[in-house]
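# after the sequence you'll find the predicted model.
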Number of protein chains: 2
Amino acid sequence: MMKLYDYARSSAAYRVRIALNLKNVPVAVQTVHLRKDGGEQHRPAYEAVNPQRLVPALDVDGDVLTQSLAIIEYLEETHPTPSLLPGTAKDRARIRAMALTIAADIHPIQNLRVLEHLKAQTGCNDEAAFAWARHWIELGFMALEAFVTRAPKQGLYCYGDTVTLADVLLVPQMNNARRFQCDLTKFPRLTAIDTRLRALPAFHKAAPEQQPGFNA
Amino acid sequence: MMKLYDYARSSAAYRVRIALNLKNVPVAVQTVHLRKDGGEQHRPAYEAVNPQRLVPALDVDGDVLTQSLAIIEYLEETHPTPSLLPGTAKDRARIRAMALTIAADIHPIQNLRVLEHLKAQTGCNDEAAFAWARHWIELGFMALEAFVTRAPKQGLYCYGDTVTLADVLLVPQMNNARRFQCDLTKFPRLTAIDTRLRALPAFHKAAPEQQPGFNA
């Protein structure tokens, strides 16, 4: 069985949990606690697993795969049904662009390690760090709302009526947006899609608060 | 013919130029000057092309694709030879993880718009903004150097003797690292690979200083 190096509150790990559930792939879970004892991800034993010292990582028969999007593309190739990248090459390009708008241009700029470095380097306080996070989330969501609204496939989710990679990325990022108290009334399409997605069992089961280690 | 919305000094556009050259796909180029008149990417005409107001974007028969990695995956699907994602599903996962280490965890945190916002929000000076950029580049390169060193395929480039997506991402990021005066002696493998790659015609022709608008 595959083993997922996981942390309940990591939104990158949350993406992989959703994808595993959608594709009905069982995994063993090993928790890497990012906030305990200076962060378990910085221990040599975990650095040997993932030199980036981030979660998630997925051990497949002793080979460790890293980076949530690379892991999900691997799952898509090895467990193609249901497809998270359906349609034509252009459809897939649009779905991947929505996913990357979150994975490259929102989440990395607002994650824990960046906010901690921001405070350490500039001496700013928690409120300023939250404002930084909100700025990047709202800027990215403005573009994402436009991508969804202009997409050639319209429907219940980000790209038509089928759950895609874009949806897998959206829900964890919306969770972060609520944590940083973003004004989500500016993004009615994203908010409606997120509500529909969170009602699906694969998304519900993957939520941080549903994980055994959530309150640890 | 496809049309590339391009800016010579954009490292995300630089990636797409390399991939287009490797796959021998001709394009028409439309320059979007990111530093002229407050940034041409913020004009309504360009926002209609790409609501994220970033380059690159690729117009394929009137359909606009965005996000450099999504564009390169599209080129990989539609022009599969030479492959930038060769090998098995696990090989591809490792190549994509290296690419995403740059595309998600280095470049977005050190790009122009983030440095400008850092200065505007915290009042820090150019030197502090450069130190911020160096921090994220060197942290990411430490992991990337380990990924390359530990990869099951060893050779001339990031993943064996074939040019892959990881190499397409490496060269523009190394260019940024030199601009921010990172200490590259810490990354001997990456430096050696970058030197080999820059000697290849597809990489040389894509370099910022080779573009017509470089000094504009």
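Sure, I can see it.

# residues contacting the lowest-mean-pLDDT helix or strand in chain A, please?
Every helix and strand of chain A was ranked by mean pLDDT, DSSP states H and E. The lowest is helix A:44-49, at a mean of 92. Residues outside helix A:44-49 that contact it (C-beta atoms under 8 Å, 6 or more residues apart in numbering or on different chains) are A:5, A:32, A:40, A:53, A:57, A:59, A:64. All C-beta spots, glycine's among them, are computed from the backbone N, C-alpha and C.

# thought the fourth one was touching A:Glu40?
In this case it means A:Arg53. No - assessed by C-beta atoms under 8 Å, A:Arg53 is found out of contact with A:Glu40, at 9.6 Å.

# just give the number of residues close to A:Lys3.
17 (other C-beta atoms under 10 Å in any protein chain shown).

# give me the element it is part of.
According to DSSP states H and E, A:Lys3 maps onto strand A:2-6.

# so for the helix or strand following that strand, mean pLDDT?
Using DSSP H and E, the helix or strand that follows strand A:2-6 in sequence is helix A:11-22. Helix A:11-22 comes out with an average pLDDT of 98.

# then stretch A:108-126?
95.

# now swap in stretch A:84-98 and tell me
98.

# run through who's touching it.
Taking C-beta under 8 Å, 6+ apart as the rule, stretch A:84-98 contacts A:19, A:22, A:72, A:76, A:144, A:147-148, A:151-153, A:158-159, A:162-166, A:168-170, B:60, B:63, B:65-67, B:69-71, B:73-74, B:77-78.

# residues of it that come out buried?
Using 16 or more other C-beta atoms under 10 Å in any protein chain shown as the test for burial, stretch A:84-98 gives A:84-87, A:89-98.

# kindly report the same for stretch A:55-66.
Of the residues in stretch A:55-66, those buried (16+ other C-beta under 10 Å) are A:55-60, A:64-66.

# of the residues you listed, closest to B:Leu200?
A:Thr66 (27.2 Å; C-beta to C-beta).

# what's the helix or strand for A:Leu65?
Counting by DSSP H and E, A:Leu65 is part of strand A:63-66.

# residues near the closest residue in space to A:Lys119 that isn't next to it in sequence, how many?
Sequence neighbours aside, A:Ala129 is the residue nearest to A:Lys119 in space, at 5.5 Å (criterion: C-beta to C-beta, 6 or more residues apart in numbering or on different chains). Using other C-beta under 10 Å, A:Ala129 has 19 other residues around it.

# dump the buried residues of stretch A:55-66 into CSV; add pLDDT as well.
Below are these laid out as CSV (pLDDT from 0 to 100):
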residue, pLDDT
A:Val55, 95
A:Pro56, 98
A:Ala57, 98
A:Leu58, 98
A:Asp59, 98
A:Val60, 98
A:Val64, 98
A:Leu65, 98
A:Thr66, 98
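
# which residues of chain A fall in helices?
For chain A, the helices defined by DSSP state H cover A:11-22, A:44-49, A:68-78, A:89-103, A:107-110, A:112-122, A:126-150, A:165-179, A:188-198, A:201-206.

# and stretch A:162-175, how far out from the chain middle?
Computed by C-alpha atoms, centre = their mean, to the nearest Å, the chain-centroid distance of stretch A:162-175 equals 7 Å.

# list the contacts of that stretch.
A:11-12, A:14-15, A:18-19, A:22, A:72, A:76, A:82-86, A:95-96, A:98-99, A:102-103, A:106-107, A:137, A:144, A:155, A:157-159, A:184, A:190-191, A:193-194, A:197-198, A:200, A:202-203, A:207-208.

# for stretch A:208-216, same thing?
Contacts of stretch A:208-216 (C-beta under 8 Å, 6+ apart): A:6-9, A:14, A:17, A:29, A:31, A:33, A:36, A:175, A:204.

# report the buried residues of that stretch.
A:208, A:211.

# returning to what we had before: of the contacts of stretch A:208-216, which pair is most distant in space?
A:Lys36 and A:His204 (26.2 Å).

# so what's the residue lying farthest from the centre of chain A up against?
What lies farthest from the middle of chain A is A:Gly123; by C-alpha atoms, centre = their mean that is 28.3 Å. By C-beta under 8 Å, 6+ apart, the contact list for A:Gly123 is empty.

# any idea how far B:Leu115 is from it?
The gap separating A:Gly123 from B:Leu115 is 18 Å, by C-beta to C-beta, to the nearest Å.

# looks like A:Thr31 contacts A:Leu4 (just checking).
No - using C-beta under 8 Å, A:Thr31 is not in contact with A:Leu4; the gap is 9.6 Å.

# mind giving me the domain ranges of chain A?
Domain segmentation of chain A under automatic domain parsing yields A:2-82+A:204-210, A:89-201.

# gap between the longest one and the chain center?
In this case it means domain A:89-201. Counting by C-alpha atoms, centre = their mean, domain A:89-201 is centred 9 Å from the centre of its parent chain.

# ditto for stretch A:194-211
12 Å.

# equivalent analysis for stretch A:206-216, please.
On C-alpha atoms, centre = their mean, the centre of stretch A:206-216 falls 15 Å from the chain's centre.

# next: stretch A:54-62.
With C-alpha atoms, centre = their mean as the basis, stretch A:54-62 stands 16 Å off its chain's centre.

# mind checking the end-to-end distance for it?
Stretch A:54-62 has an end-to-end distance of 18 Å (C-alpha to C-alpha, to the nearest Å).

# quick one: that stretch near chain B?
Yes - for stretch A:54-62, a contact with chain B is found by C-beta under 8 Å from any C-beta of the partner chain, at A:54, A:60.

# hmm, A:Arg150 is touching B:Pro51, no?
Yes - judged on C-beta under 8 Å, A:Arg150 makes contact with B:Pro51 at a distance of 7.4 Å.
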